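Peer 1: Sequence and computational prediction follow.
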Amino acid sequence: MGSILVGIDGSDRGRCALDWAVRFARVVGYDVHMLAVIDEAIANKAGVGVETITDTVTAALEKKRQAALESYPDMRIQASVSVGDIVGVLADSAAMHDLIVLGSHHGHTIGETISGAKGLRVSVSTSVPTVVVPADWDAKQQGTGIVVGVGPDEAVSARAIDFAARAAVATQQPLELISAWGVPAWLERTAESMGGGLAPVGEQRQIELDRQLGRLAFEYPALQVTGRTVEDSSPSRALIEAGREASMLVMGTNSRNALGRTLFGSVTHSVLLNLKVPTIIVPQA
């Protein structure tokens, strides 16, 4: 029996995150744990005691839990409130679960845009996959299929691919591997002028993709899986477009380190700041 941690902040994005998490947990047989984090520094600036806020948030969280249980009485849903740095508490708490789900925060303030979405900051600070759900996500309009981005780092891609494959099998959806690559136009012209070209790069990415497809066919014989390479000067744009009609987009990251809470890969960062579908960031082990 696994479990999913859901970050709740009382907003629509938190509601969407909880809705996605409960639906996914029900399919894969996981428990759900709702967590609200109170930032003591923000409470002090507002002139409100932490105890008062904690009591209010606890009551509101219990209402959400009861409402979720009314819709899904067969689920096991728990709730708790913690005090501390939001990203730090979420990242540390996630270690006790199999998955953490958050609502998107991008675009709400200039500070968020500069520092990066909280979901990405959490994803590079924990060892479990992080799901970031768009604030306007609607189960009734959800797409079909799972798309996973395949990058040049084989170890990072393999973990993301395996997660996506298991999710596809559990949810009975097809899986598509996308190997997006490219360079800015000015670099492409430079390569051609020097007598080279980018064709060998594309050929190598296709070879790597075919190897992954062969492995999946052997390890997951019931899985419907396809793959393709996409040349684009913006790999993040290519992944966003490829996953636009899917139920979820899966990506790997190797940015989990001492600076992980502030530094992260540009492709992953760009995708989360232009979120279209629930996106799962799978960290390197």
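Peer 2: Cool, got the structure.
Peer 1: As a check, name the ranges of all strands in the stretch 151-285 of the chain.
Peer 2: Ranges of strands within the stretch 151-285 of the chain are 175-181, 225-231, 248-253, 279-283, based on DSSP state E, counting those that start in this stretch.
Peer 1: try the stretch 1-150 of the chain
Peer 2: Listed in chain order (using DSSP E, counting those that start in this stretch), the strands of the stretch 1-150 of the chain are 3-7, 31-38, 77-83, 99-103, 130-133, 146-149.
Peer 1: about what we covered before: among the strands of the stretch 151-285 of the chain, which is nearest Ala135?
Peer 2: Judged by Cβ to Cβ, the one of those that comes nearest to Ala135 is strand 279-283, at 12.8 Å. Placement of C-beta: from N, CA and C, glycine included.
Peer 1: partners of the closest one in the sheet?
Peer 2: The pairing partners recorded for strand 279-283 under DSSP bridges are strand 130-133 (antiparallel), strand 248-253 (parallel).
Peer 1: Could you dump these into a markdown table and include mean pLDDT and mean neighbour count?
Peer 2: Written out in a markdown table, the entries for those read as follows (pLDDT from 0 to 100; neighbours: other Cβ atoms under 10 Å):
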| stretch | mean pLDDT | mean neighbour count |
| --- | --- | --- |
| strand 130-133 | 92 | 27 |
| strand 248-253 | 91 | 26 |
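Peer 1: Which of those strands sits closest to Glu219?
Peer 2: Between Glu219 and these, the shortest separation by Cβ to Cβ is 16.4 Å, and it involves strand 248-253.
Peer 1: chain center to the closest one, what's the gap?
Peer 2: From the chain centre to the centre of strand 248-253 is a distance of 6 Å (Cα atoms, centre = their mean, to the nearest Å).
Peer 1: which stretches of this structure have low pLDDT?
Peer 2: Low-confidence segments of the chain, defined by pLDDT under 70, are located at 1, 43, 46, 105-120, 124, 183-199, 255-266, 285.
Peer 1: any idea where the helices of it begin and end?
Peer 2: Per DSSP state H, the chain has helices spanning 12-28, 40-46, 50-71, 86-94, 110-115, 118-123, 154-171, 185-193, 199-219, 235-242, 266-273. These are given in chain order.
Peer 1: ok, and which of these has the densest surroundings?
Peer 2: With neighbours taken as mean count of other Cβ atoms under 10 Å, the helices of the chain reach their highest mean count in helix 118-123, at a mean of 27.
Peer 1: rewinding a little: any chance of the strands paired with strand 279-283 in CSV, with distance to Ala67 too?
Peer 2: Formatted as CSV, the entries for the strands paired with strand 279-283 read as follows, by distance: least, Cβ to Cβ, whole Å:
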stretch, distance to Ala67
strand 130-133, 18
strand 248-253, 24
